[in-house]
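[1] Got a predicted structure plus its sequence, pasted below:
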Amino acid sequence: MLKPPASNSSDLYLDFAQFNQMRKLTRDDEGAALQAAARQMEGIFLNMMLQSMRDANAVFAEGNMLESRDTQFYQGMYDKQLSLNISNSGGLGLADVIVKQMQANSGKELTDAVTDITGYLKHPLPARSPASASPHNEMGEPLHSDSTVLSVNQASNVNEKPEPSSWRSPAEFVHAIYAHAKRAGQRLGVAPEAIVAQAVLETGWGQHVMSDGKGGNSFNLFGIKADSRWDGETVRKNTLEYRNGIAAKENASFRSYPSLDQAFADYVDFLNGNSRYEAAINKNCEAKQWGFELQGSGYATDPNYGNKIANIIESDVFKSALNSATEKL
């Protein structure tokens with residue numbers, strides 16, 4: 001546990017000179033500076049906790065003649081000072097956790113700042129264990145709204161090279177799936193970039209692919225659910241569905257595949273095997289329109305599904321990643 005600092009006049013939350021002292025400590029004693037910063041952060045957390053308690057109690061203050069803006073002002077000052085005093089006297093132990101976490105990373109060199117999109121695509125993202133699919137926005141960041149679709153037919157390829165469980169950058173993810181998307185696009189008559197963009201939306205650039213029951217990759221890149229027709233592996237995950245325009249959490253069963261190849265093969269078989277998607281497939285639309293066609297056919301409950309896929313296709317990140325992937329083929 002952190003050793004509480006000796007009490008002095010700078011232990012006042014209004015004394016901003018303490019931050020200059022912390023800055024000086026970073027040059028003289030980095031460890032002490034880290035501890036001081038951790039205590040400040042814990043103090044902020046404690047003050048937020050006290051503020052929440054005050055807010056919850058505010059309803060009982062209605063009509064109280066002793067309650068006024070002045071008392072609230074001084075009460076806020078008191079809470080801030082109390083938070084700092086508690087933190088400096090040992091606190092809740094949060095400062096210890098912060099120090100340990102920061103010390104664990106202190107020996108790592110920081111990479112150079114990324115100044116353009118090329119640098120961003122080359123800059124690896126932190127490796128993550130496959131997580132459950134979650135909502136994604138138009139840039140493929142987590143916001144996922146799953147399809148109402150009950151999913152694809154089982155594929156057959158078995159002898160394949162091991163697939164990676166995660167991808168370190170957008171370019172790496174796009175490169176890993178582009179060849180599969182191209183083959184799927186040829187069978188469906190759909191532009192491969194449209195299929196890639198859909199996978200980007202559903203998985204957040206491959207960083208949020210649902211994990212299987214053993215903690216491995218399910219390779220479910222399209223948010224496809226399992227129904228009674230599916231006899232393969234499944235994984236249950238919480239998902240966000242839109243009913244009459246209102247989002248609600250649901251727990252659903254999704255299909256799990258042993259490889260990317262089987263995932264894409266099933267995606268094709270599912271779309272080709274369901275008459276509701278016949279119009280979308282036969283439309284021979286441009287890439288940006290594909291999401292709208294799927295949405296109109298009932299593939300997704302998210303009312304912005306088509307817009308999100310179109311925005312991904314139009315983004316500089318996607319264009320650069322796609323160019324990099326096609327050049328390597």
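    Sure, I can see it. Residues are numbered from 1 along each chain as shown.
[2] Tally up the residues packed near Glu241, please.
    By other Cβ atoms under 10 Å, 17 other residues sit near Glu241. No exception for glycine: its C-beta is placed from N, CA and C like everyone else's.
[3] how would you label it: helix, strand or coil?
    strand (DSSP: H, G, I helix; E, B strand; the rest coil).
[4] That one is in contact with Asn251, isn't it?
    No - Glu241 lies out of contact with Asn251 (Cβ atoms under 8 Å); the separation is 10.5 Å.
[5] Next, the contact list for Val83, please.
    Not quite, residue 83 is Ser, not Val. Ser83 is in contact with 13, 43-44, 46-47, 50, counting by Cβ atoms under 8 Å, 6 or more residues apart in numbering.
[6] likewise Phe292?
    306-307, 310.
[7] Next: Gly245.
    In this structure, Gly245 makes contact with Pro303, judged by Cβ under 8 Å, 6+ apart.
[8] now it: how far from Tyr178?
    Going from Gly245 to Tyr178 by Cβ to Cβ, to the nearest Å gives 34 Å.
[9] just Met210 next, same as before
    Distance from Met210 to Tyr178, by Cβ to Cβ: 21 Å.
[10] Show me the domain layout of this protein.
    17-105, 117-328 (automatic domain parsing).
[11] and those, which is most packed in?
    With neighbours defined as mean count of other Cβ atoms under 10 Å, these peak in mean count at domain 117-328, which reaches a mean of 19.
[12] if you average pLDDT over that domain, what comes out?
    For domain 117-328, the mean per-residue pLDDT is 80.
[13] and what of stretch 87-103?
    On average, stretch 87-103 scores 74.
[14] distance between the ends of it?
    Stretch 87-103 has an end-to-end distance of 19 Å (Cα to Cα, to the nearest Å).
[15] For Trp230, give me phi and psi.
    phi -100, psi 130 (degrees, to the nearest 10).
[16] where along the stretch 201-329 of the chain do the strands fall?
    Remark: strands assigned in the stretch 201-329 of the chain by DSSP state E, counting those that start in this stretch are 234-243, 246-255.
[17] Please put the alpha-carbon coordinates of the last one into CSV.
    Looking back up the chat, that one is strand 246-255. Presented in CSV, the C-alpha positions along strand 246-255 are these (Å, rounded to 0.1, in the frame of the first residue of the first chain):
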residue,chain,number,x,y,z
ILE,A,246,-36.4,1.0,-29.9
ALA,A,247,-33.2,-0.8,-28.9
ALA,A,248,-33.3,-3.6,-26.4
LYS,A,249,-30.8,-6.1,-25.1
GLU,A,250,-31.4,-9.7,-25.8
ASN,A,251,-29.5,-13.0,-25.3
ALA,A,252,-29.2,-14.9,-28.5
SER,A,253,-27.5,-17.9,-30.0
PHE,A,254,-25.0,-17.4,-32.8
ARG,A,255,-23.3,-19.8,-35.2
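[18] Name the residues that touch it?
    133, 145-146, 151-152, 210, 218, 220, 223-226, 230, 232-242, 266.
[19] Roughly how far does Arg236 sit from Ala263?
    Per Cβ to Cβ, Arg236 is found 18 Å from Ala263.
[20] And the contacts of Phe292, which is closest to Ala95?
    Asn307 (44.4 Å; Cβ to Cβ).
[21] Looks like that closest one contacts Gly291 (just checking).
    Yes - between Asn307 and Gly291 a contact is recorded at 7.4 Å, counting by Cβ under 8 Å.
[22] Tell me if I am right that Phe45 is in a strand.
    No - counting by three-state DSSP, Phe45 is not part of a strand but helix.
[23] Make sure it is actually in contact with Val97.
    No - under the criterion of Cβ under 8 Å, Phe45 makes no contact with Val97, lying 10.9 Å away.
[24] secondary structure element for the closest residue to Leu94 other than its chain neighbours?
    Counting by Cβ to Cβ, 6 or more residues apart in numbering, Leu94 lies nearest to Glu42, which is 4.4 Å off, once chain neighbours are set aside. Element membership for Glu42 (DSSP states H and E) is helix 30-57.
[25] Would you mind pulling up the elements that that helix packs against?
    Packed against helix 30-57 by the contact rule (3 or more Cβ pairs under 8 Å, 6 or more residues apart in numbering; DSSP states H and E) you find helix 17-28, helix 69-88, helix 94-105.
[26] Out of those, flag the one nearest Gln295.
    Of the helices and strands packed on helix 30-57, the one closest to Gln295 (Cβ to Cβ) turns out to be helix 94-105, at 42.1 Å.
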